[in-house]
Structure formats: structure tokens, C-alpha cells
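**Q** Show me the folded form of this:
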Amino acid sequence: SPATYQYLRGMGINTMEFSIPSQSIVTGTINFLGTGAEMVTTRFTGATDKSASTTGVMNSSSNVGRIAENGIPIADKNYVLEATININNNLRYQNAVGSIGAVGVGAGECNVSGALNTYFDDKTIAEKVINNTETSFDMRVAKDNQVILFDLPRMKYSGGAPTVPGKNQDVTLNAEFQAILHATYNFTIQIMRFSEVQ
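**A** From the prediction side, this is the model:
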């Protein structure tokens, strides 16, 4: 007492990480980088509270409507054990003499990477790793009429090989990838959230 509010200034999204493990909740982490902070006891004029979401938590079992590589749904062969997407905007603090906080946030190159950990029952993805073949990745997650679509229209696998852990164990392929700017669409990754049309 009294109620205290913290205002963070000059904020920019530095990193975003999404994890879609099998039979689990879809999770995401966002990391911000800013220039400073202020603690006050009076809210800014016009500030309001956002209502809590009424949309249910999305899971990787019953809420993934599509997961595709090169425009073709992954099914019947290389079932996905986990998909991860990492975005790094490579922001940096810009400090200066006579300033307690940063005077600005420097922009960097947007780097998008991730991995598809799959059961190895088909050589298609493994051959793309070896041959440095361009491909694409997209995934649709939906629940309670809310849809999130991840679209990486151009990417290459940067590593991965079939792993044989031992006798009577599953052979898997963890294919790491690097997204590349698409010349026509002019983006590396597109994340869309919208209400599903019934």
C-alpha cells in the first residue's frame, strides 16, 4: 500500500521460443529488451486492464490440425515427436555516458531456427539434410474457435541424422532447420492468430 505500477519503456521483442512436444501443452516464451523502467503509484491516464482470456489451453494431441513439411502433411511415416521454433531478433542495449538505463535498443538480424524430432520411417527428410535441399514448414493449432498458424515458407535443414539408441528402441531423426527470407512473400516466419470460421 499504496498500489504500485511498473512501466517498462522502449520495449522490443528480442526472442520467442515455441515448443510443441508430443502429448503435452503447447508452450511459448517471449523475451523483451527495453530502455528503462519506472515505478509509480498512479496509473497513466487511459490505462485499463485487459480481460482474462476465455480460450482453453492448446495441446499437441487433439488441437494440432495440421503439421506439414514441404506443403505435405507429415503422417503415416515420420510422425513428429516434438517441434520447436526459435526466433532471435538479436537486439542489443545501446548505453551511453550519463545515462542510468539504455538510451535505445539496437536492431539486429532476425534469425529463425528450430527442429523437427521425428520417428525415422522414411528417408525423405534425411536426404534433404544431406543434399541441403530447400523446403518449408507449417503448422496449425486450434481450440475453441481460435487458430494459431506458424508458416515458414522457405528453410533448409542444418543438421540431423537417424539415431539408433540401442536394441529394441525406436530410431528417430532430429532434423534441425534454419529459416530463410522468402523472396516473394518477404518474410522468414509468419505467425497468424485468428478466429476460426465455422
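
**Q** Can you name the next helix or strand after the helix or strand where residue 65 lies?
**A** Element membership of residue 65, judged by DSSP states H and E, is strand 64-69. Where DSSP H and E defines the elements, the next helix or strand beyond strand 64-69 is strand 72-73.

**Q** And that following strand, what does it pack against?
**A** With contacts defined as 3 or more C-beta pairs under 8 Å, 6 or more residues apart in numbering; DSSP states H and E, strand 72-73 has no helix or strand neighbours. (Each C-beta comes from the backbone N, C-alpha and C, glycine too.)

**Q** Relative to it, what are the paired strands and their orientations?
**A** strand 64-69 (antiparallel) (DSSP bridges).

**Q** can you tell me the average pLDDT over the strand it pairs with?
**A** The average pLDDT within strand 64-69 is 89.

**Q** Next: stretch 87-105.
**A** 86.

**Q** Endpoints of it, how far apart?
**A** Using C-alpha to C-alpha, to the nearest Å, the end-to-end distance of stretch 87-105 comes out at 17 Å.

**Q** got a list of contacts for it?
**A** When contacts are defined by C-beta atoms under 8 Å, 6 or more residues apart in numbering, stretch 87-105 is touched by residues 10, 12-17, 33-37, 106-113, 189.

**Q** What residues of stretch 185-198 count as buried?
**A** Residues 187-189 are the ones in stretch 185-198 that count as buried (16 or more other C-beta atoms under 10 Å).

**Q** Over to stretch 32-44?
**A** So for stretch 32-44, counting by 16+ other C-beta under 10 Å, buried means 33-35.

**Q** Please consider this matter closed, and thank you.
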